[in-house]
Structures are given as structure tokens and as C-alpha cells.
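Enquirer: structure for the following, please:
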Amino acid sequence: MQFKIEIEIINGAKFSINEFKLRNNKINFLFGESGIGKTLICKALLGLLNDDEYIVNIDDEPYLEYLKLPGVKDVVSKSFYAFQEPSGHLSPVLKIGQQMYEGSLKESKETKDILSGLFPEIKQNELDALLNLYPKPFRPSGGEKQRFIDAMGIVKLSALIRGTAWNGLFVFDEPTGHLDQKKRDDFIHQLLFYYVKDRPTIVFITHDYSILSMLEEKYKSLKKQFVYHEIFQNREKLEQREFSERMYFQWMNREKRKKKPASGIETVLKVNSGIEVFGNRLRFFSDKNHKKETELVLRKGEIVYLKAPSGVGKTTVAKILLGLIKAKFNYEISGITINNDTPHSFIAENIWGKKITMAFQHADECLNQNATVLGTFQAITKDKNQFVSQILELFPHSNIEELFEKKIKQLSGGEKQKINLLRSLLVNADITILDEPVSGMDLTGVNKIISFIRKLLSEGKTFLLISHSEDIFSTIVRQKNIFYLKREVG
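Expert: This is a model prediction of the structure:
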């Protein structure tokens, strides 16, 4: 399949690609920087863009005319799109169980098995309780909602295999974005189990390059069924190129050969284990089997990696340290003791932005979308010399003056994440918390961020890292600097 696609957001950005290719009966992995247009392209093919919001032409046909073409109508009617954000797929007025078994999803007898495969860590009665919930912002968790959406897509595949459904196009948009590595692998195992039975055409949109390592290790026999593409910006147009997994493995090998940052001596942060928050107790361990409880310790010039499955509370710990969430806790930072009795005003005045700062996971949540790039940095310092050289490191091919004039909302997701990271580092606090710092980036962007972190570590910067990109960050974090978080109820 090959398409020429032009998309214009009314009163907004334009996206166009002359040759968007998909291989039939393969799993087409689609990489590329967040916000570059991968989702819009795939939604356009399946008739999911509203013509009140977008002006679309496909193969030089106006959108509505394209969708009326006999072959297109057949594919669209027989396809499935698993949305990236749960709020874009799950209805808040229907229980999750109702949505799992409504419409054509009723055709599958394998729904219960698929759900069990995606939720192996919980008992059937707990799963039934989740199915009985109405989707709300914080319940079920983002990872649980994601798995329900993923399950719906796999249910469609199972129906196809039994011959009661269709041979259409199945799009999974960031299906593992809210999942930790173990849950990601469970999903891919389920997807491949049903894929090999009938080999439908699948598009798997992702930023997780570490998937390549897992597929190489566990599914080498299916290697010929995987096709890797990367979407990138070339001046005014998008282009698609084949992406060789060898490029990723070569980059990983180069990173692994580099010397890991040395351990520091001066302790700058010590957090007591046993934080009490939201009716749970959060404990730190030095081993992944949770046998050796310990304090969370950061030393100057170190990067410390806090690991745990999705939803356990890693970001919650970070926000407690910043005074953004109330809890029962105790920690010492640069000789200052902070606990739940410390006035919030003291934390706000003496800790936030001075002792600790944070590059949040979702740049859109902490950047003013209507501010210019220059204005975003000038809100922290008026001295351009403090940030221009760093911007040039992460945006080496950009016209710096044009970049400064752009509004944040005009940037891609990966570009926003770089601005988010740089702004946090510019604060120059004792510790910077990095929450999924390479989220939404292509491999080029990931490489620049890793190199940038290495450089800052050599200059004595201290980082607390939260990330599911274990494959990538294992190259710069020493084993002794990895801590594991466990949540205990009550």
C-alpha cells in the first residue's frame, strides 16, 4: 500500500507526505518524533479525521471523495484503531465491561483469555471489579485503561481468525506508552499470538526503540514479518524511510562501551523508606526482589535510577519531594531536613527550584503553549548566554532566531520535551528529576539527550531518573545506583 497524503489543521499546521508506504500482512512498526504526524496520517487513512477540523487530500482526492471509493470503504469498515490516549477511546458513560463486549466485539469468544493475558498479575475477581468501573481520569489507572484498549484491538484479531470478521487494517497507536517493560512484553506476546494465525496488516506506532531488542531476543523466528519505518521532517514535507534495527543495536553497543559516570562522594539527598501516601506505603529497595530495604540516596555528580512497574508511585515520590503532594515522609537535602510537618511555604521558598527541580513527563502540562520558545527561557533568565549554547546542542540544525520566535504549541512533541528538559536544567538546582526524559523522541533526539546528560554529569550535575526505557538508560547508570520502589496497601 502506498499513499500521498496532505493534511491541514484548520488555522493550524500542515502535514504532507508523498509516499506513505505500508507492507500488507506485516507488522509495520512506525517510529518518529512525537507530534510529527504519524497519528494524523493513520487516522486519515481510516476516515477518523473530522472535516470540520481538517482539510485532507489523499492521492489527490478530497477527503470525502476518497472515503467513498469502493476499496477504501471496504477497508475502513473492516479496520480497527486503538487510540493512544484512553480518553480518546473509552466512553465515560459506559462501564469498561460493557465496552469490551459491545458491537462487533461480541463476535470473539477469546475476550476473557485475552484480558487474562494482559492482566496476569491480578485475580479474576479483581479484573471483574475493573470491568465494572466507569472510566474516570484516575480510575482505572492509565496503564490499566491502555491494556483494555489494547485488548479490544486483539479481540478484533481473534474474531478475524475465526472468520467472523474482516481482513482490514489494524492500527495500535502507542499501545505500550503507559506500560512498564513487563506489561509491554505481555501485550506484544498476545498480539503476536493472534497475528501469526492469519497475518493481518498491522501498524504499530511507537517511540519505544527498546522494543527492537526484545523482538530480536524473543521472536527471531518472526523477523521477516516485522517492517520498520521512520517518519521524519525534510524541510516542508514529511518523508518515510526504512529503519534498520541494526542502527539501534550499533548505537546501543557504542553507548555500552562508553565509561559509566563515576559514583559521587558528597550526599545531597537521603529519603527515608516507608512514605505514607493515598493509603499506601512506598518502600525503597536496593534489589529487584525487594529483600533489602534501604534509603533512597543521591550523591553529587550521580544519576540514580528509580524503577517500578507503572502506577506504583515513582512520579508520586518525585512530587512529594517537590512538596506538590501531601504525605507522611522524611528526607534530608543538602543538610536541610524536610518532613510532613514542614510548612509548605518553606518548601516552596527553599526547596522548589533551588534544591530540586523536575522535568515533567508531559511537556504540555508544564509549558505555556502560547509562549514563544525565547519567552519560555526568559521567564527564568534574561541572559541568553545561559541557554543559547545548550539549545544549539539539542537543536544543531535549527535557525536559532526562527526557533526562538516559534510558539510552544507549534513544536513537535519531541521538541517540546527538549525545551522542557533544558528549562529545568537552567534552574540549576542541586538535583534535577528526569521523568521519562526521552519520551516522544526519535533515535536522533534520544542520542542527543543521552550525550547531554553524560556531559552534565561530568560537570557535577545530579539526577534522579524515572523511565521505562531500561534498555537505553542501563548504558549510563551503574547497578549500585538503581533503586526499586514497592507499594504496600495500608
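
Enquirer: please count neighbours and contacts with C-alpha atoms only from this point.
Expert: OK.

Enquirer: how far off centre is the top helix by length along the chain?
Expert: Longest helix in the chain, counting residues (DSSP state H): helix 142-161. Average the C-alpha atoms of helix 142-161, do the same for its chain, and the two points are 19 Å apart (C-alpha atoms, centre = their mean, to the nearest Å).

Enquirer: buried ones in that helix?
Expert: Across helix 142-161, burial judged by 16 or more other C-alpha atoms under 10 Å covers 142-161.

Enquirer: likewise for stretch 210-219?
Expert: For stretch 210-219, the neighbour count (16+ other C-alpha under 10 Å) marks 210-212, 215 as buried.

Enquirer: show me the chain divided up by domain.
Expert: Residue ranges for the domains of the chain, per automatic domain parsing: 2-243, 267-489.

Enquirer: mind putting the ones you listed in JSON lines, mean pLDDT and distance to R254 included?
Expert: As requested, those are exported to JSON lines (pLDDT from 0 to 100; distance: least, C-alpha to C-alpha, whole Å):
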{"stretch": "domain 2-243", "mean pLDDT": "87", "distance to R254": "15"}
{"stretch": "domain 267-489", "mean pLDDT": "89", "distance to R254": "9"}
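
Enquirer: need these in JSON lines (columns: distance to K260).
Expert: Formatted as JSON lines, the domains of the chain follow (distance: least, C-alpha to C-alpha, whole Å):
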{"stretch": "domain 2-243", "distance to K260": "20"}
{"stretch": "domain 267-489", "distance to K260": "5"}
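
Enquirer: out of those, flag the one nearest W251.
Expert: Nearest to W251 among the domains of the chain is domain 267-489 (8.4 Å), distances taken as C-alpha to C-alpha.

Enquirer: could you measure the residue nearest to the spatial centre of the chain against N132, distance?
Expert: Central residue of the chain (C-alpha atoms, centre = their mean): G177, 4.2 Å from the mean position. For G177, the distance to N132 (C-alpha to C-alpha, to the nearest Å) stands at 24 Å.

Enquirer: D74 sits in which helix or strand?
Expert: Using DSSP states H and E, D74 maps to helix 70-77.

Enquirer: which element is encountered next along the chain beyond that helix?
Expert: From helix 70-77 onward toward the C-terminus, using DSSP H and E, the following helix or strand is strand 80-82.

Enquirer: which residues does that following strand contact?
Expert: Strand 80-82 is touched from outside by 43, 89, 149-150, 152-153, 156, 168-173, 175, with contacts defined as C-alpha atoms under 8 Å, 6 or more residues apart in numbering.

Enquirer: ok, N399 - how many residues close by?
Expert: By other C-alpha atoms under 10 Å, the residues close to N399 number 10.

Enquirer: typo on my end, S469
Expert: S469, neighbours per other C-alpha under 10 Å, totals 18.

Enquirer: how close does the residue nearest to it when sequence neighbours are not counted get to V56?
Expert: Counting by C-alpha to C-alpha, 6 or more residues apart in numbering, S469 lies nearest to S210, which is 6.9 Å off, once chain neighbours are set aside. S210 is 33 Å from V56, where distance means C-alpha to C-alpha.

Enquirer: got it, and S451?
Expert: The gap separating S451 from V56 is 39 Å, by C-alpha to C-alpha.

Enquirer: in terms of neighbours, single out the busier of those two.
Expert: Between S451 and V56, V56 has the larger neighbour count (other C-alpha under 10 Å), namely 24 against 16.

Enquirer: before we move on, the earlier item: the following helix or strand past the longest helix of the chain packs against which elements?
Expert: For helix 142-161, the following helix or strand on the C-terminal side (DSSP H and E) is strand 169-173. Other elements packing on strand 169-173 under the criterion 3 or more C-alpha pairs under 8 Å, 6 or more residues apart in numbering; DSSP states H and E are strand 80-82, helix 142-161, strand 201-205.
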